[in-house]
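J.: got a structure for you, letters missing:
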């Protein structure tokens, strides 16, 4: 299990599908934190985690792992009104 990937690792993971020359999906820590917090609130609200998690794992940690593993896709502002969208 991954323990706390760095902001840079998260940004690289989110932008991994971006073609050279295209605008990155996220380019700041602020954007990563907002999207991850939104996903954590969804989990707190009752949505099932998209990964196998430990029973005591905190929702934000689950959300970070989902973003890092690509289970949750962060959309750019032009793509959708939502910041995070399940694949």
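T.: Arrived safely. All values reported here derive from a predicted model rather than from experimental measurement.
J.: how would you label residue 60: helix, strand or coil?
T.: At residue 60 the chain is in helix, as set by DSSP: H, G, I helix; E, B strand; the rest coil.
J.: burial count for it?
T.: 16 (other CB atoms under 10 Å). Where you see a C-beta, it was placed from the backbone N, CA and C, and this is true even at glycine.
J.: what number of residues lie near the residue nearest to it when sequence neighbours are not counted?
T.: With sequence-adjacent residues excluded and distances taken as CB to CB, 6 or more residues apart in numbering, residue 60 is closest to residue 40, at 4.3 Å. Counted with other CB under 10 Å, residues neighbouring residue 40 total 19.
J.: Can you give me every residue that contacts residue 40?
T.: By CB atoms under 8 Å, 6 or more residues apart in numbering, the contact set of residue 40 is 59, 60, 62, 63.
J.: Mind telling me what element it is part of?
T.: helix 29-44 (DSSP states H and E).
J.: mean confidence score for that helix?
T.: The average pLDDT for helix 29-44 rounds to 91.
J.: Please state the offset of it from the chain centre?
T.: 7 Å (CA atoms, centre = their mean, to the nearest Å).
J.: What of stretch 62-75?
T.: Worked out by CA atoms, centre = their mean, stretch 62-75 lies 3 Å from the chain centre.
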